[in-house]
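Student: Here is my input, please return the structure:
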Amino acid sequence: MTQLDKKLNKIDDIFEFTSHERFQDIHFKWNEKLNLKAIVAIHSTKFGAPLGGCRFIEYPNTDSAIIDALRLARGMSYKNAMAGLEHGGGKAVIIKPRHIPDRKAFFEAFGEFVHELGGRYITAKDSGTTLEDMDIIATKTPYVASTSEMVDPSPFTALGVKQGILAAVKHRFNQDNLDGLHVAIQGVGYVGYPLAAHLHELGARLTVCDIDETNVQRCVDEFGASSVHPDEIYSVDCDIFSPCALGAIINDETIPVLKAKIIAGAANNQLAQVRHGQALLDKGILYAPDYIVNAGGVIHAVHKYNKKSDQEAHDKIINLYSTLLDIFEKAKHAGKPTNIVADEIAYKMLHDEDA
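Tutor: All right, here's what the predicted structure looks like:
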């Protein structure tokens, strides 16, 4: 599996990757008039209808968008399985155009695309999309798991990340609190800001960065955080690095300058390649697998979508602490990177092997 991940860097490798990972299907929609180019990747349906967010960002080319959709869809299967949710994994990617002539019509067209799949994929808010976008999509299909009526999932993602950080701190430092610990947060927007609030309340010292200076200043004013330029966040001398922006930021360039002892954050696909988990282990850095740490948002969204209680959702998010402690212990016992151990457990769960 790790070799396949390493090779998934161009379109020619997708057939081998999707075969090994047992993807169900990939769907494409092009609306030339509205400049809509959308991809829905469906990975697993074992535990139920695939559910995953709709990412709306710029991509250098179509190949990059397809690869992102595939990786994210698989990540959702693993995330949903490890969180004990009754849903499979899927993901939508919309290639953000330079100009959108009519955003309402744009997302109505995407909603129609989702509806054409007949419930085979349930969409939700993700990077670049808003609750207002989800409300528009919901006028065309019922298969939407995060609308303004269901509440923004971002604070619940932050709660899960907080639990992940506490679990990592317990394992790495045998400490039950964050007193005296220094956390560097990359990205303090929808998820990073409520996370910063949690960590500040627990006594952590914060250093933050964001491409939006307004977000940074809010954390400086409210939490007494220090700030650095986004390029400098990797080399901050801290106890915990929490990536809460986009993925692939743990790579050959950043690993040599990292000074943190723990990495635990909300960003998806933090490791640029699977082998970077081993590189972190070799450097003595404890990595909290991202698709477990950031599962709080989808847990809450699923419970809202399925009309289950908020308390049940909250309990599942809090339980991420125990799930991660178990993975940390298994990885330590096996002498393996945490991402490999988590992937092996999730893969077995999805493919009817003994976990």
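Student: C-alpha only now, for contacts and for neighbours.
Tutor: OK.
Student: Show me where the stretch 1-150 of the chain dips below the pLDDT cut-off.
Tutor: Along the stretch 1-150 of the chain, the model assigns pLDDT under 70 to residues 1-13, 20.
Student: can you give me the helices in it?
Tutor: When secondary structure is read from DSSP state H, counting those that start in this stretch, the stretch 1-150 of the chain shows helices at 2-7, 14-20, 62-82, 103-116, 131-137.
Student: now for the second one, which elements pack on it?
Tutor: Secondary-structure packing of helix 14-20 (3 or more C-alpha pairs under 8 Å, 6 or more residues apart in numbering; DSSP states H and E): helix 2-7.
Student: which residues sit in contact with D179?
Tutor: L202, G203, A204 (C-alpha atoms under 8 Å, 6 or more residues apart in numbering).
Student: now do A267
Tutor: Under the criterion of C-alpha under 8 Å, 6+ apart, the contact partners of A267 comprise P243, C244, A245, L246, G247, D290, N294.
Student: The third one sits in which helix or strand?
Tutor: When secondary structure is defined using DSSP states H and E, no element contains A245, which sits outside every helix and strand.
Student: how close does the residue nearest in space to the middle of the chain get to T147?
Tutor: The central residue of the chain, meaning the one whose C-alpha is nearest the mean C-alpha position (C-alpha atoms, centre = their mean), is N268 at 3.2 Å. Relative to T147, N268 is positioned 21 Å away (C-alpha to C-alpha, to the nearest Å).
Student: same check, this time on L178
Tutor: From L178 over to T147 the distance is 34 Å, taken as C-alpha to C-alpha.
Student: before we move on, what about E116?
Tutor: With the distance defined as C-alpha to C-alpha, E116 ends up 20 Å from T147.
Student: quick one: which of those two has more around it?
Tutor: For E116 against T147, the residue with the higher neighbour count under other C-alpha atoms under 10 Å is T147, and the figures read 23 against 13.
Student: Run through the strands of the stretch 201-350 of the chain in chain order.
Tutor: Listed from the start of the chain, the stretch 201-350 of the chain has strands (DSSP state E, counting those that start in this stretch) covering 205-209, 226-227, 240-243, 262-263, 286-287.
Student: Of the ones you listed, which stretch is the most buried?
Tutor: Compared across the strands of the stretch 201-350 of the chain, strand 240-243 shows the largest average neighbour count, a mean of 27 (mean count of other C-alpha atoms under 10 Å).
Student: helices or strands up against that one?
Tutor: Secondary-structure packing of strand 240-243 (3+ C-alpha pairs under 8 Å, 6+ apart): strand 182-186, strand 262-263.
Student: Just checking: what are the partner strands of the last one?
Tutor: The partner list of strand 262-263 in its sheet, established with DSSP bridges, is strand 240-243 (parallel), strand 286-287 (parallel).
Student: try the longest one
Tutor: Listed by DSSP bridges, the sheet partners of strand 182-186 and their directions read strand 205-209 (parallel), strand 240-243 (parallel).
Student: one step back: what's the closest of the helices of the stretch 1-150 of the chain to I299?
Tutor: Among these, the nearest to I299 by C-alpha to C-alpha is helix 62-82 (8.0 Å).
Student: Would you mark the buried spots in the closest one?
Tutor: For helix 62-82, the buried set under the neighbour-count rule, 16 or more other C-alpha atoms under 10 Å, comprises 64-82.
Student: same deal with stretch 228-248?
Tutor: Under the neighbour-count criterion of 16+ other C-alpha under 10 Å, stretch 228-248 has 228, 233-245 buried.
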